[in-house]
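> Quick one: sequence and predicted model below, then my questions.
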Amino acid sequence: MTTTITQLHAFVRCEVAMIFVTNEIQDEITRERRQAHSLRIYLYRRANGLKTLEYSSNGQEIEKARALASAQPFRAVRQKGADWDEVLGLDTSIKNDNFLTAYFELCTPDATDPESAYVWQRLLKECGRNKIKALRKWRTAGAEALYRASTQRAAPMSGIEVSKSKVKDKYAKKGTGTRPFKAPIRPSAIPPRGRVKEA
């Protein structure tokens, strides 16, 4: 009887643990879907050169000067001390993702480049086909880029490289002037000292 009760308790504990694991996996999937949706909006806004304005009037983004000029009631969306993304506003999920940021830094040109909008349009098309797949692919590529950069920075130097790095350049190069010492003479060419008996 006691073994069946113990087995029943173990079974119940397994079922409860499976429920918690399932919820954690579900939360991760939900978070990933939310981030993929934010990524698509981010790419759309970057491709079209849109920025989030810091004020809102009647549910629409508006510039503060325009709201003051038209005497419309408005409120500040951006709060002091809160994170802010120029493209998405209060949603900083893309800005805070180091892997995605690294990928975008590598594959996209500066905003002043005329081909910048084209690159963002291409990324938007790729994201439009499958948001989650694009998100995973770009995060992986960004992680690889960061890993390579960190290994290049932290590559250990050999003893010779360390000693060369500590010496100034003018002392590290080979001398070009006359040598202070004469070339060594062969021992057989040295004449004997004193009287030598002939045999």
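Good, I have the coordinates. Residues are numbered from 1 along each chain as shown.

> Please identify the helix or strand for E32.
If you go by DSSP states H and E, E32 is part of helix 2-47.

> Let me know the average pLDDT across the next helix or strand after that helix.
Where DSSP H and E defines the elements, the next helix or strand beyond helix 2-47 is strand 55-57. Across strand 55-57, pLDDT averages out at 80.

> And for strand 55-57, what's in contact with it?
With contacts defined as C-beta atoms under 8 Å, 6 or more residues apart in numbering, strand 55-57 is touched by 61-64, 67, 72-77. The C-beta positions use only the backbone N, C-alpha and C, and glycine is treated the same way.

> Just checking: what are the partner strands of that strand?
If you go by DSSP bridges, strand 55-57 pairs up with strand 60-62 (antiparallel), strand 75-76 (antiparallel).

> And the ones you listed: which comes nearest I94?
strand 60-62 (18.2 Å; C-beta to C-beta).

> contacts for the helix or strand just after the closest one?
Using DSSP H and E, the helix or strand that follows strand 60-62 towards the C-terminus is helix 64-70. Helix 64-70 is contacted from outside by 54-55, 57, 74, using C-beta under 8 Å, 6+ apart.

> Just put these in JSON lines and tack on distance to E126 and neighbour count.
Shown next, in JSON lines, are the contacts of helix 64-70 (distance: C-beta to C-beta, whole Å; neighbours: other C-beta atoms under 10 Å):
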{"residue": "E54", "distance to E126": "30", "neighbour count": "16"}
{"residue": "Y55", "distance to E126": "33", "neighbour count": "18"}
{"residue": "S57", "distance to E126": "35", "neighbour count": "17"}
{"residue": "F74", "distance to E126": "37", "neighbour count": "18"}
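
> any chance of the strands paired with strand 55-57 in TSV, with mean pLDDT, mean neighbour count and distance to F99 too?
Putting the strands paired with strand 55-57 into TSV (pLDDT from 0 to 100; neighbours: other C-beta atoms under 10 Å; distance: least, C-beta to C-beta, whole Å) gives the following:
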stretch	mean pLDDT	mean neighbour count	distance to F99
strand 60-62	80	15	29
strand 75-76	80	10	31
